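**Q** What follows is a protein structure lacking sequence information:
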């Protein structure tokens with residue numbers, strides 16, 4: 001497999017109900033991950049962009065969290081409906097989605 005142009009990390013951290021930090025799992029990360037996988041397969045992006053499931057990325061109260069490298073852009077409160085926009089605008093178009101981007105000091 002060739003080196004990917006971009007690498008996406010989708011947080012799937014799960015903490016028990018009532019945990020003070022919350023978790024991306026409780027915020028619906030499974031549907032976000034499923035949508036990334038569906039869109040990647042549909043668009044045949046497997047060789048260009050890699051998706052990795054990860055544990056806690058830090059900003060638990062702003063989950064689901066998605067981190068894009070090599071830019072180091074962290075997105076928060078990502079929903080299934082945001083995935084296509086992230087792919088089109090950021091991963092293909094090289095322009096981060098400003099409305100979903102978390103401030104650098106949050107992570």
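**A** Done, it's in. Only a predicted model underlies this, so the values are computations on that prediction, with no experimental measurement involved.

**Q** what residues are up against residue 26?
**A** For residue 26, the contacting residues are 14, 15, 17, 63, by CB atoms under 8 Å, 6 or more residues apart in numbering. Where C-beta positions appear, they are placed from N, C-alpha and C, glycine not excepted.

**Q** ugh, typo on my part, it should be residue 46
**A** By CB under 8 Å, 6+ apart, residue 46 lies in contact with residue 40.

**Q** Quick check: it vs residue 34, distance?
**A** 16 Å (CB to CB, to the nearest Å).

**Q** mind checking the SS state of residue 61?
**A** Assigned by DSSP: H, G, I helix; E, B strand; the rest coil, the conformation of residue 61 is helix.

**Q** Helix or strand: which one has the residue located most distally from the centre of the chain?
**A** Of all residues in the chain, residue 18 has its C-alpha farthest from the mean position, at 23.5 Å, by CA atoms, centre = their mean. If you go by DSSP states H and E, residue 18 is not part of any helix or strand.

**Q** mind checking pLDDT for it?
**A** pLDDT recorded at residue 18 is 79.

**Q** ditto for residue 1
**A** 65.

**Q** next one: residue 9
**A** At residue 9, pLDDT is 97.

**Q** other SSEs contacting whichever strand or helix holds it?
**A** Taking DSSP H and E as the criterion, residue 9 maps to strand 6-11. If you count contacts as 3 or more CB pairs under 8 Å, 6 or more residues apart in numbering; DSSP states H and E, strand 6-11 packs onto helix 29-43, strand 49-54, strand 66-69.
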